[in-house]
Every structure is written in C-alpha cells, then in structure tokens.
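Undergrad: I'd like to go over a predicted model; first the sequence, then the structure.
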Amino acid sequence: MNNELSSEDESYSTSGGEEFDAEDATWVEWFCSQRGNEYYVEVEEEYINDDFNLTGLSSCVPWYDEALNLILDCDEDEDVDSDSLASIEAAACILYGLIHARYIMTTRGQQALLEKFKVGMYGTCPNSVCDLVKQKLLPIGSDILKQSSTRVFCPCCNEIYFPKNPKLEIIDGAHFGSSASLVLFMTNPQLVNKYEPSAAYSPKLFGFRAAVSPQTREAARLALAKRSLAVELGKPAADVVPDSDST
Ligand SMILES: [Zn+2]
C-alpha cells in the first residue's frame with residue numbers, strides 16, 4: 001500500500017490517465033487515487049463526520065484525533081515535527097481503512113463496491129470452471145487489524161484466493177472486513193454467474209468417475225497395507241486384518 005504523503009505525489013496521473021491536481025482534491029480523493037489504493041471506495045465525508053460511525057475506533061489507532069483531522073482536511077495550527085507527521089499520516093491510512101470496512105457495509109458503500117466489482121477491479125476467478133463464466137471477485141478480509149491480508153472471494157465455487165495483483169494482497173484485510181462482499185453477493189444474486197452442472201470438473205480414472213476424498217484415500221491405504229501384510233505372512237489377503245496405523 002502506498003500510503004506515504006510526499007510533495008512528489010501532489011500531481012500525478014490517475015488510472016484514467018487524467019492529470020490529478022492534489023490542490024483541489026480532498027484527502028480521501030487523494031488517498032484513493034494513489035497507485036495501489038484504487039481498490040478502496042471513496043468514503044463520503046458525511047459518513048466520516050458522524051461520530052456514531054466511528055465508535056470504538058479511537059482505541060484502535062494511535063494519533064486518532066490528528067489522523068481524523070487529516071482525513072477530513074481540517075487544518076491544525078500547531079506545529080508538528082516530521083517524525084510525528086509521518087506517524088499521523090500512517091495512522092490516517094489505518095483509520096481510513098477501518099472506516100472503509102464499516103462504510104462498505106452501508107447501502108451507499110455497497111453501491112460503491114458494486115461499481116468497482118462491475119469493472120472487474122478485483123479480478124476474475126482462477127478456477128477453470130468459473131473462468132468459463134468469467135466470474136468476477138470481491139475482496140474479503142478479517143474484522144481484526146493485522147490478522148490477515150486481503151483475499152478475493154468467488155461466489156461460484158465458494159473459494160477464497162490470493163489476489164492476482166500483489167498491491168491488493170498487501171492491504172490489511174481489516175480494511176475490507178469479512179462480511180461486506182458476502183452481503184453484496186447475497187443481496188445481488190444476479191452477480192453470481194451460473195454454469196451447467198456438467199461443466200463442473202468430475203475426476204475420472206481410466207474413464208471411470210473417481211472421488212478423491214480423504215475416506216477413499218484411507219480405504220486405498222488400508223487395502224494396500226492388507227495386501228502387503230498378506231504377502232509377508234504368506235496368507236490370503238482375505239484372512240489378514242492390518243493394524244489401522246500400519247502403512
Ligand atoms: Zn470460482
């Protein structure tokens with residue numbers, strides 16, 4: 001995640017190729033336009049200004065008041081040394097991530113996440129069957145900071161994958177939370193592409209269907225052990241009962 005504020009970043013090109021003027025941009029606009037941060041949706045200022053929405057976050061982030069002021073573009077008169085400024089900027093990125101995780105659970109946040117999903121911001125499922133229907137993915141994380149990095153979820157195969165883009169993967173999973181993507185898929189079932197059941201992969205061994213499950217592997221292991229023991233004892237395999245721990 002590119003979270004460092006610097007004078008070099010004041011003017012740059014957005015993903016759309018337009019020149020971005022940091023002078024006219026809010027902090028949130030600036031942050032979301034940074035390379036690697038385009039996966040975040042822009043949280044509305046009105047949402048951040050409502051203290052109720054920030055309940056409990058003050059104990060999660062150092063420099064909370066200063067970080068919140070930075071996010072809301074509130075000018076502070078007091079002089080801050082460069083070390084403290086760097087700490088405040090880092091705290092602002094964490095605080096924004098935690099606010100973001102809450103915001104994308106709201107109706108407007110879900111809509112913003114949906115817009116990112118529609119353009120395939122989070123990639124498509126690498127599963128070969130899901131690839132047939134080009135199922136798009138949504139980010140998924142955890143509800144606790146530093147517990148996991150961001151992954152992507154596929155509603156077709158119900159699997160979680162590492163994102164193709166490492167810039168998404170290095171974002172703390174708590175910035176997306178564990179529920180927002182699931183809620184979006186549950187409330188918008190049309191987003192889940194359908195494919196014929198016959199398209200699903202069915203393992204075959206010499207033309208016969210084979211279920212490679214832990215149970216069948218264990219049965220195969222016991223059968224092999226039984227045959228080996230029978231050969232060793234010189235008895236018919238049917239008369240041998242191998243120890244379940246034997247190999
Ligand atoms: Zn899938």
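TA: Cool, the structure landed.

Undergrad: residues of this structure that sit close to the ion?
TA: By CB under 5 Å from the ion, the part of the chain that sits against the ion consists of C125, N127, C130, C154, C156, C157. Where you see a C-beta, it was placed from the backbone N, CA and C, and this is true even at glycine.

Undergrad: nearest to A90 among the residues you listed?
TA: Within the residues of the chain next to the ion, proximity to A90 (CB to CB) peaks at C154, which comes in at 32.4 Å.

Undergrad: can you give me the end-to-end span of stretch 144-156?
TA: One end of stretch 144-156 to the other measures 26 Å (CA to CA, to the nearest Å).

Undergrad: which positions in that stretch come out as buried?
TA: Of the residues in stretch 144-156, those scored as buried under the neighbour-count criterion (16 or more other CB atoms under 10 Å) are L145, S149, T150, R151, V152, F153, C154, P155, C156.

Undergrad: and the longest helix anywhere in the chain, what other elements does it pack with?
TA: Across the chain, the helix with the greatest residue count (assigned by DSSP state H) is helix 82-103. Taking 3 or more CB pairs under 8 Å, 6 or more residues apart in numbering; DSSP states H and E as contact, the helices and strands that helix 82-103 lies on are helix 27-33, helix 45-49, helix 64-71.

Undergrad: could you redo the last one with a cut-off of 10 Å?
TA: Contacts of helix 82-103 with other secondary structure elements, assessed using 3 or more CB pairs under 10 Å, 6 or more residues apart in numbering; DSSP states H and E, are made with helix 27-33, helix 45-49, helix 64-71, helix 107-118, helix 180-187.

Undergrad: just to revisit the earlier point, can I get the buried residues of stretch 144-156 in TSV including pLDDT and secondary structure?
TA: What follows is the buried residues of stretch 144-156, written out as TSV (pLDDT from 0 to 100; DSSP: H, G, I helix; E, B strand; the rest coil):
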residue	pLDDT	secondary structure
L145	96	coil
S149	97	strand
T150	98	coil
R151	98	strand
V152	98	strand
F153	98	strand
C154	97	strand
P155	96	coil
C156	94	coil
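
Undergrad: what two of those have the greatest distance between them?
TA: Spatially, the most separated pair among these is L145 and C156, at 29.8 Å (CB to CB).

Undergrad: poorly predicted segments of the chain, please.
TA: 1-22, 76-78, 212, 214-217, 220, 236-247 (pLDDT under 70).

Undergrad: hmm, try it at 50
TA: The chain contains residues with pLDDT under 50 at 1-17, 244-247.

Undergrad: ok, the nearest residue to E66 once chain neighbours are set aside - contacts?
TA: Using CB to CB, 6 or more residues apart in numbering and skipping residues adjacent in sequence, the residue nearest E66 is I88, 4.5 Å away. For I88, the residues meeting the contact criterion (CB atoms under 10 Å, 6 or more residues apart in numbering) are 5, 62-70, 76, 80, 95.
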